[in-house]
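Enquirer: all I have is the shape, not the residue letters:
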């Protein structure tokens, strides 16, 4: 495909428009409605994730032989879904899409036999948690220089290391652990309950509604069939990183849009000195800047997803999208709280929750592979 195809059209197809209507309605009724309670409880309500299975997101990329639909993957469609769900609640959106990230990574890197073996359990009418463990608890963490190791031992691999910020780590039935064997990264699927696998819940500033965990691997042994990636077809870590960054960025778009709508209504209704505070130029400019930065974020994310959809190289675009979204999401969150003044600091208003969640954009890696 020529570089001319890099030009992308922002006009949605009829199918995308219909899907977005469904997704936005679901996000408003099922995510936004429980967002505050889930944040306070530190987990999603019982049965919430089973409701998300009505959307069919996880079944689409699973091969037919494994019980799925077997449709071609669409990074653009997945990006739009992540954006719409993120507008309802970024934490719950992350939990909803984490099994899809696992599925996409297996489809991208696994053989047909591996796809059938590991994805069949996820082709269910009920929500089956599965996740990816990439990040490590180091201030100098670098995804291309992992400390978690895999050592060949006969017909098995022995894994050692510590992973952090593992979404749904405490409930996942399968964990795709990214580790290095002789300096080369690959994925190793570790079933829950495997000897030597320890999971400990983390306490974070944001993303309270979705549990994140520290996962310790102490001589965890898995069969060789559980390894994704070979000498002939190496594990594509860069693709996983790029698509994950786009997924997280897309969720931040939705959350930032929710912030913009909320503060716009607030500054128009809040009266001080006899007039709405939106009449103050400094306030109006701050709201306008949120809208401007949101659109710049959206264009970067959409362009990267469009290139991925067309089969073009999108590494540069994905990285630039992640850089701008990490910076501007934090700025939008901060300005959203500032616009409400003292009200922005109390839990009566949603802006403090969105601020905490938006702060995670710059630190999440490998969590939401679209």
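Expert: That came through, no problem. Treat the numbers as computed from the prediction; the structure is a model and nothing was measured. Numbers count the residues shown, from 1 in each chain.
Enquirer: could you use CA atoms for every contact and neighbour count after this?
Expert: Fine.
Enquirer: buried set for stretch 267-277?
Expert: Neighbour counts over stretch 267-277 (16 or more other C-alpha atoms under 10 Å) mark 267, 277 as buried.
Enquirer: likewise for stretch 311-323?
Expert: 312, 314-315, 317-323.
Enquirer: could you give the mean pLDDT of it?
Expert: Mean pLDDT, stretch 311-323: 94.
Enquirer: and for stretch 15-26?
Expert: Over the span of stretch 15-26, the pLDDT mean works out to 91.
Enquirer: domains of the chain?
Expert: 3-128, 131-228, 237-358 (automatic domain parsing).
Enquirer: tabulate these in a markdown table, adding columns for distance to residue 364.
Expert: Formatted as a markdown table, the domains of the chain follow (distance: least, C-alpha to C-alpha, whole Å):
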| stretch | distance to residue 364 |
| --- | --- |
| domain 3-128 | 11 |
| domain 131-228 | 8 |
| domain 237-358 | 7 |
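Enquirer: just give me the lowest mean pLDDT stretch among these.
Expert: domain 3-128 (a mean of 90).
Enquirer: gap between that domain and the chain center?
Expert: 10 Å (C-alpha atoms, centre = their mean, to the nearest Å).
Enquirer: residue boundaries of the strands in the stretch 101-250 of the chain?
Expert: In the stretch 101-250 of the chain, the strands defined using DSSP state E, counting those that start in this stretch lie at 130-133, 149-153, 156-167, 174-181, 184-191, 197-201, 212-223, 227-228.
Enquirer: residue contacts, residue 86?
Expert: 27, 92-94, 250-255 (C-alpha atoms under 8 Å, 6 or more residues apart in numbering).
Enquirer: a markdown table for those residues, including secondary structure?
Expert: Converted to a markdown table, the contacts of residue 86 look like this (DSSP: H, G, I helix; E, B strand; the rest coil):
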| residue | secondary structure |
| --- | --- |
| 27 | helix |
| 92 | helix |
| 93 | helix |
| 94 | helix |
| 250 | helix |
| 251 | helix |
| 252 | helix |
| 253 | helix |
| 254 | helix |
| 255 | helix |
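Enquirer: please pick the buried ones from those.
Expert: Using 16+ other C-alpha under 10 Å, the buried ones in the contacts of residue 86 are 27, 92-94, 250-255.
Enquirer: pipe these into TSV and attach distance to residue 86 per row.
Expert: Output for the buried ones among the contacts of residue 86, formatted as TSV (distance: C-alpha to C-alpha, whole Å):
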residue	distance to residue 86
27	8
92	8
93	5
94	8
250	7
251	4
252	6
253	7
254	5
255	5
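Enquirer: for residue 103, state which of the residues you listed is nearest.
Expert: When these are compared for distance to residue 103 (C-alpha to C-alpha), residue 94 wins out at 14.4 Å.
Enquirer: was I right to think that closest one contacts residue 208?
Expert: No. In this structure, residue 94 is not within contact of residue 208 by C-alpha atoms under 8 Å, at 11.1 Å.
Enquirer: any common contacting residues for those two?
Expert: The contact lists of residue 94 and residue 208 share no entry, where a contact means C-alpha under 8 Å, 6+ apart.
Enquirer: circling back: closest to residue 145 out of the contacts of residue 86?
Expert: Nearest member of the contacts of residue 86 to residue 145, counting by C-alpha to C-alpha, is residue 94, at 25.1 Å.
Enquirer: which one in this protein is furthest away from the centre?
Expert: In the chain, residue 274 marks the outermost C-alpha relative to the chain mean, sitting 43.9 Å out by C-alpha atoms, centre = their mean.
Enquirer: tell me how far it lies from residue 241.
Expert: Distance of residue 274 to residue 241, computed by C-alpha to C-alpha, to the nearest Å: 51 Å.
Enquirer: tell me where the stretch 51-200 of the chain has helices.
Expert: 75-88, 90-109, 112-119 (DSSP state H, counting those that start in this stretch).
Enquirer: now those helices in TSV, with distance to residue 286?
Expert: Shown next, in TSV, are the helices of the stretch 51-200 of the chain (distance: least, C-alpha to C-alpha, whole Å):
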stretch	distance to residue 286
helix 75-88	20
helix 90-109	23
helix 112-119	47
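Enquirer: and residue 328, how many neighbours?
Expert: Residues lying near residue 328 (other C-alpha atoms under 10 Å) number 22.
Enquirer: report the spatially nearest residue to it, omitting neighbours in sequence.
Expert: In space, and not counting its chain neighbours, residue 328 is closest to residue 293: 6.5 Å by C-alpha to C-alpha, 6 or more residues apart in numbering.
Enquirer: ok, now residue 263?
Expert: That would be residue 336: by C-alpha to C-alpha, 6+ apart, it lies 6.4 Å from residue 263.
Enquirer: quick one: residues contacting the one you found.
Expert: 259-260, 263, 344, 351, 355.
Enquirer: mind redoing it with 7 Å?
Expert: Residue 336 is in contact with 259, 263, 351, counting by C-alpha atoms under 7 Å, 6 or more residues apart in numbering.
Enquirer: helix or strand for it, which one?
Expert: Assigned by DSSP states H and E, residue 336 falls within helix 315-339.
Enquirer: pull the distance from that helix to the chain's centre.
Expert: Chain-centre distance of helix 315-339: 15 Å, with C-alpha atoms, centre = their mean.
Enquirer: downstream neighbour of it in the secondary structure list?
Expert: helix 351-358.
Enquirer: who's in contact with that following helix?
Expert: Applying C-alpha under 7 Å, 6+ apart, the external contacts of helix 351-358 come out as 90, 205-207, 252, 255, 259, 329-330, 333-334, 336-337, 344-345.
Enquirer: pick out the most distant pair among these.
Expert: 252 and 345 (20.3 Å).
Enquirer: picking up where we left off before, the residue nearest to residue 263 and residue 289, how far apart?
Expert: As judged by C-alpha to C-alpha, residue 336 and residue 289 stand 11 Å apart.
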